[in-house]
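> Provide a 3D model corresponding to the input given below.
(chains A and B)
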Amino acid sequence: MGKSRVHLRITDAAADTKQLSHVDAKDLMPIPLDWDEKEFTPIKDTTREELACILDDTTILPIPRPKNKKEEDELVEKFIKGMEKLFTPENNWTMYSQLITTMEHCAKCNTCSESCHIYEASGENEMYRPTYRSEVFRRVYKKYVKKEVLSGWRNGDIDLNWRTVARLGEMAYRCNLCRRCAQTCPIGADNGLIAREIRKIFSQELGIAPPELHEKGSMLQMKVGSSTGMSDLVVKDNIEFIDEDFSETTGFQFKTPWDVEGADILLIHNAGEILAWPENIAAFAIIFEKAGLSWTLSSEIAGYDSINYGVFYDDVQAARTAILHAKAAKKLGVKKIVLGECGHAHKALTVIADRVLPDELKIPRESCFPLLRDIVFSGKIKFDPSRNDFPVTLHDPCNLTRLMGIIKPQREVIQYLCPQFREMKHHGPHNYCCGGGSGFAIMSRGNIPEWRFKIAGRKKLEQILEAFADCRGENTRKYVCAPCSNCKGQIRDIFEHYNLFAGEKMIYAGLVELIVNAMADINPGFIKWEEAE
Amino acid sequence: MSTIVYVVAYVALLVFIGAVARRAIKYLNNPVHLRWELYPVAHEGKGRDVYGGSYLEDVDWWKKPREVSMVNELKVMVPEILFLKAVWEHNRPLWYSTYAFHLGLYLASAFIALMIGGAIAQAAGAPPDAGALAILFVTIPSILGPVAFSLTILGSLLLLHRRLTNEAMRIYSSPGHFFNLALFIIAMGLALASWQTHDPTFSHLRGFLANLMTFQLAAFDNPLFAAQLLVAFGLLAYIPLTHMAHFFMKYFLYHDIRWGDESNAQGAYSARIATVLSYPVAWSAAHVKGTGKNWAEVATFNPTAEPAAKPAATKE
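Alright, predicted model coming up:
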């Protein structure tokens, strides 16, 4: 079984070939599921004519294919200009220290390779090794930007042409930015960072980014208030409907407070939850109301949508979004912002924004999970854990765990409320990404979903199936707690693709749903198994 | 010949110190960067270091005192430095060769430290080869030196073999990698040969170091001894100019980046943040709209906002 990894070289990134590599279905990592994996649906010829799809079997970053030599040269020139800016403290103060140290000190020992779920799931395809894109990028930097003496001899050679540039751009979108590789590096180098830095060159200099992240993501959020397209009026209308609907089904009357000046808490959800998982929104409201908290939602621009897609591809957009969130809180004069179940929003506003917000916009920001833990153990709400007596496992969103260290609060809740809880094999800060991280979860163009299921999400699928090894099949209902909107989107799509809803009676949802489902004084059956299945 | 060796030694020492200082100072002068920590963060207190938790696990974390433990850091750093724990856990096949190499260098460093100690004693008029000092400055180095040189050679050969025969490593290796390993083999080989044939108690080496410290450039005429010194000092100057500078830069990579979790809640970074927000922005993409603006202006600009309507022209 000849794997494509055998013959790939770093210099091949510049080669005049139709595509750099291919992933054959037979090379994919085996999964504990009786499933006939199909080959990738070929990229359409019209797409190949329009876009530079020359990396693998899919295309994520829409780089216009150069039509002539002039356009080829322009692409290279712009990329190099962007690279030069990336390596200046003024233009890239945000990540300058991290970038330079990773560029200069990687020993090329490949210790990080085994940690990467994409590399492993692809059958160890060389193109997906965490060091491959970094090494191409490093060689281009040393030879064409830093212009080191004897660069080829010292660092290894590389040719720079439009193909190198286009492949680097696409390779930057074959990484979930989960940084599991960085966690294993003996030196502290960070190949996940390099993927994000390449994304920044394309967005901030060339103006090229996946439309889901940019036009339909951060730009739409800044324009109407949310990447879902919901204006403040629409979002209020939707929440009102959720309030009414779940007041009726739970038997607990509640009304979500809006724009309460001076409230203790401004809760910001990922607005995608409102449309896709309204039960999550309702659960938060029920818990907060039952606990007697002083809280509010905001109808300010971006104040009702915690997403910050800038953290996936563009520092400018990330800073702008974080500032909008802080301004919404400042306008209401709340005491703090609490983030709902969304991993990247947690990191963006709590950790990344920490060194973006000027003093006048500083506002305390925290995760919902410690607060939920304190509520559950406060005695204010009576619980009946027997309502959650089904197998439950917990998916750890990378942004929340590996990148923020919020590990225990959600576990304390779940261990208390779910008698059949079991951990996945690698969990906490050592978890595996769901495969939807860094924006992939919201992408469904072309055959991107196939790449998400077969490669990026494959390790998570294996982990989930192994966690339920003792209760496989359609006779036992199983619950994957995934307290993050993007992760839920990815897990939903994986479940659908591999027929796990029906075949394994498996559902996914967040933590708050489990909490409300176990509340003794609301109507039983908050978790709707039949609807999910 | 000996004068050239002394000159090379002084120049190499200056290059080594200068290169290390330059890298460190350059790093310290970098602008403040975004937080980019990775958990587990070793210095976390309250037992959180064990499971990878953080102070963000507390409600109202900004109101609570931080518990930071230097002991916890040492519990991670010591095994990492002494035993290359990350390689052991994540790349076992490489560990055997790289550990032999690194252990050889650690022992060589200890050997050099003892030789410098002996040289200081000698320069100060205390014979290092007499009494109790002899154990520390003669007996131990006489064993330590050859073991260190041999282990480094063995490790270098094993690494060379791995870079040549393991396809994944070969793809990523440059001619420079092979040169570096060859340089270590030559340097340690010469040291071993010099010890074997000319300097079995390292008294000549100690004397050379004492002369170097006191600027008494006494002549010597053994070519092997001279060659050993030339290559060794050349290697010393060369290391911090390469990726091997990770031997000290690792401090910043771990402490400032991987474990750099300090929050600005109390304003510790406010001044540095104000500085970077005043930096000019030169990114060219249309949505950045950065021409002539600084980061604060760009970050507070909404590129989707409708442009303000121009006031209608009025007639006089």
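
> Next, the contact list for A:M171, please.
A:L55, A:M127, A:Y132, A:R133, A:V136, A:A195, A:I198 (CB atoms under 8 Å, 6 or more residues apart in numbering or on different chains). All C-beta atoms are positioned from the backbone trio N, CA, C, and that covers glycine.

> and if we set it to 10 Å?
By CB atoms under 10 Å, 6 or more residues apart in numbering or on different chains, A:M171 lies in contact with A:13, A:20, A:55-56, A:60-61, A:127-128, A:132-134, A:136-137, A:194-195, A:198.

> Distance of it relative to B:L105?
Taking CB to CB, to the nearest Å as the measure, A:M171 falls 35 Å from B:L105.

> Looks to me like A:Y479 is in a strand.
Yes: per DSSP: H, G, I helix; E, B strand; the rest coil, A:Y479 lies within a strand segment.

> In contact with it, which residues?
A:Y479 neighbours (CB under 10 Å, 6+ apart): A:388, A:390-394, A:414, A:418, A:420-421, A:468, A:505-509, A:513-514, A:517, A:527, A:529, A:532.

> are any of those buried, and which?
When the contacts of A:Y479 are checked for burial by 16 or more other CB atoms under 10 Å in any protein chain shown, the buried set is A:388, A:390-394, A:414, A:418, A:421, A:468, A:505-509, A:513-514, A:517, A:527, A:532.

> Let's see which of the residues you listed end up in helices.
Among the buried ones among the contacts of A:Y479, DSSP state H puts A:I414, A:E513, A:L514, A:N517, A:A532 in helices.

> Check pLDDT for these and point me to the minimum.
Within these, pLDDT reaches its minimum at A:A532, with 61.

> which residues in the stretch 151-300 of chain B form helices?
Listed in chain order, the helices of the stretch 151-300 of chain B (DSSP state H, counting those that start in this stretch) span B:167-172, B:175-197, B:203-214, B:223-238, B:246-252, B:270-277, B:295-299.

> separation between the residue nearest the centre of chain B and B:M77?
Closest residue to the average C-alpha location of chain B: B:F248 at 2.0 Å, with CA atoms, centre = their mean. Using CB to CB, B:F248 is found at 13 Å from B:M77.

> Over to A:S21?
Taking CB to CB, one finds A:S21 at 39 Å from B:M77.

> So for these two, which sits in the more crowded spot?
Just comparing A:S21 and B:M77: by other CB atoms under 10 Å in any protein chain shown the higher neighbour count belongs to A:S21, 21 against 17.

> residues near the nearest residue to that one once chain neighbours are set aside, how many?
Distances taken as CB to CB, 6 or more residues apart in numbering or on different chains place A:M127 nearest to A:S21, at 4.2 Å, with adjacent residues excluded. A:M127 has 25 neighbours, counted by other CB under 10 Å.

> Look up how far A:F246 lies from A:V311.
Distance from A:V311 to A:F246, by CB to CB: 31 Å.

> ok, those two, which is more surrounded?
For A:V311 versus A:F246, neighbours defined as other CB under 10 Å are more numerous around A:V311 (28 against 23).

> buried set for the strand or helix carrying the more buried one?
Secondary structure from DSSP states H and E places A:V311 in helix A:310-313. By neighbour count with 16+ other CB under 10 Å, helix A:310-313 contains the buried residues A:G310, A:V311, A:F312, A:Y313.

> just curious, which of those is nearest to B:G118?
Nearest to B:G118, judged by CB to CB, of the buried residues of helix A:310-313 is A:V311 at 55.7 Å.

> Indicate the residue of the stretch 301-450 of chain A located nearest to chain B.
Residue nearest to chain B within the stretch 301-450 of chain A: A:G405 (2.7 Å; CB to the nearest CB).

> number of nearby residues for the residue lying closest to that residue once chain neighbours are set aside?
Using CB to CB, 6+ apart and skipping the chain neighbours, the partner closest in space to A:G405 is B:S54 (2.7 Å). Neighbours of B:S54 under the rule other CB under 10 Å: 25.

> By mean pLDDT, flag the weakest helix or strand of chain B.
helix B:132-134 (a mean of 90; mean pLDDT, DSSP states H and E).

> Packing partners of it?
helix B:92-123 (3 or more CB pairs under 10 Å, 6 or more residues apart in numbering or on different chains; DSSP states H and E).

> Now do the helix it packs on: distance to the chain's middle.
15 Å (CA atoms, centre = their mean, to the nearest Å).

> That one vs chain A: in contact?
Yes: counting by CB under 10 Å from any CB of the partner chain, chain A is contacted by helix B:92-123 at B:R92, B:L94, B:W95, B:T98.

> quick check, nearest of the residues you listed to A:F202?
B:L94 (33.6 Å).
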